[in-house]
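**Student:** No sequence on hand, only this structure:
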């Protein structure tokens with residue numbers, strides 16, 4: 001099966017009251033853990049690549065890993081650019097075989113965001129590729145993205161109709177209280193479902209995306225801290241909130257930090273228990289298994305997309 005776009009995925013997800021997991025990939029073990037989980041549960045997948053991942057792993061290697069996953073699983077998989085910040089970055093990914101790109105113009109003014117998004121949409125659609133854009137700004141840190149709480153902003157529902165109609169974008173990432181990184185809330189977690197509901201009314205049937213939606217699973221935070229890490233106060237989005245979002249117009253939920261935590265916690269634990277080992281296969285194998293188990297849980301309990309491939 002070739003790579004697919006998100007068009008059919010999102011239509012089924014919207015109608016079915018579930019979301020597709022968009023998992024960030026950086027190396028072979030992460031790709032394998034994610035795709036093995038999805039294969040066992042027969043779930044559709046979005047594998048996404050950030051600017052940082054492209055710089056780290058070389059886009060050719062990442063693309064070939066995803067092609068191997070396609071051959072191994074036979075699942076519908078979309079290869080997506082996460083947080084493309086320029087037209088040129090999006091164009092490069094479109095030209096190299098990505099089936100979906102995100103143009104993140106949220107750091108621009110509303111008018112400039114429309115202009116750059118429209119330019120990407122026109123090029124992408126001419127090449128059979130779909131486009132995600134962003135309105136509002138999420139706080140937090142992810143790769144090169146660093147937005148302070150002061151500079152973040154919720155999505156304004158009164159802007160979404162104009163933005164979508166003028167750009168022709170295929171899906172929209174919104175800001176309702178999630179944030180990038182492992183430190184999403186200082187106090188009680190809260191998402192602005194009232195904003196999501198208002199946007200849904202203004203854009204009926206239109207796919208919405210949640211970024212910064214890792215749960216920052218306590219088990220792995222505790223594991224990291226127990227075995228030499230230092231992550232006090234790490235906190236993510238409660239799973240019940242994400243499930244509530246998935247039942248609504250949210251068709252894509254981004255998950256990155258949880259993958260990093262699962263791998264890092266497991267590797268730290270392995271080294272503490274096996275200080276004489278030095279073969280990467282010894283510690284990456286359990287790390288891959290931890291990612292697989294975590295992703296299976298996300299697919300089944302949080303996203304609700306098991307059996308939907």
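**Tutor:** Thanks, I have the structure now. Only a predicted model underlies this, so the values are computations on that prediction, with no experimental measurement involved. Numbers count the residues shown, from 1 in each chain.
**Student:** Just the buried residues of stretch 109-119, please?
**Tutor:** By neighbour count on 16 or more other Cβ atoms under 10 Å, the buried set for stretch 109-119 is 113, 114, 116, 117, 118, 119. For the C-beta atoms, the positions are set from N, CA and C on the backbone; glycine is no exception.
**Student:** List the backbone torsions phi and psi for the second one.
**Tutor:** Meaning residue 114. phi -60, psi -50 (degrees, to the nearest 10).
**Student:** do the same with the third one
**Tutor:** Dihedral angles of residue 116 (phi, psi; degrees, to the nearest 10) stand at phi -70, psi -40.
**Student:** Surely it and residue 105 touch.
**Tutor:** Yes: at 4.7 Å, residue 116 counts as touching residue 105 under the criterion of Cβ atoms under 8 Å.
**Student:** For the stretch 151-300 of the chain, which segments count as strands?
**Tutor:** Assignment of strands within the stretch 151-300 of the chain using DSSP state E, counting those that start in this stretch yields the ranges 171-174, 208-210, 250-255.
**Student:** Paired strands for the longest one, with orientation please.
**Tutor:** Sheet pairing of strand 250-255 (DSSP bridges) gives strand 20-24 (parallel), strand 208-210 (parallel).
**Student:** ok so, going back, using a markdown table, lay out the strands of the stretch 151-300 of the chain together with mean neighbour count and distance to residue 13.
**Tutor:** Formatted as a markdown table, the strands of the stretch 151-300 of the chain follow (neighbours: other Cβ atoms under 10 Å; distance: least, Cβ to Cβ, whole Å):
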| stretch | mean neighbour count | distance to residue 13 |
| --- | --- | --- |
| strand 171-174 | 23 | 11 |
| strand 208-210 | 25 | 10 |
| strand 250-255 | 26 | 4 |
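**Student:** Which among those is found nearest to residue 232?
**Tutor:** In terms of Cβ to Cβ, the element of the strands of the stretch 151-300 of the chain nearest to residue 232 is strand 250-255, at 22.6 Å.
**Student:** For the closest one, give the mean pLDDT please.
**Tutor:** Across strand 250-255, the average pLDDT comes to 97.
**Student:** That strand: how far from the chain's middle?
**Tutor:** 6 Å (Cα atoms, centre = their mean, to the nearest Å).
**Student:** out of the strands of the stretch 151-300 of the chain, which comes closest to residue 153?
**Tutor:** Between those, strand 171-174 lies closest to residue 153; by Cβ to Cβ that is 11.0 Å.
**Student:** and the gap between residue 305 and residue 163?
**Tutor:** Taking Cβ to Cβ, to the nearest Å as the measure, residue 305 falls 27 Å from residue 163.
**Student:** need the strands paired with strand 250-255 in JSON lines with mean pLDDT and distance to residue 256, can you?
**Tutor:** As requested, the strands paired with strand 250-255 are arranged in JSON lines below (pLDDT from 0 to 100; distance: least, Cβ to Cβ, whole Å):
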{"stretch": "strand 20-24", "mean pLDDT": "98", "distance to residue 256": "4"}
{"stretch": "strand 208-210", "mean pLDDT": "97", "distance to residue 256": "12"}
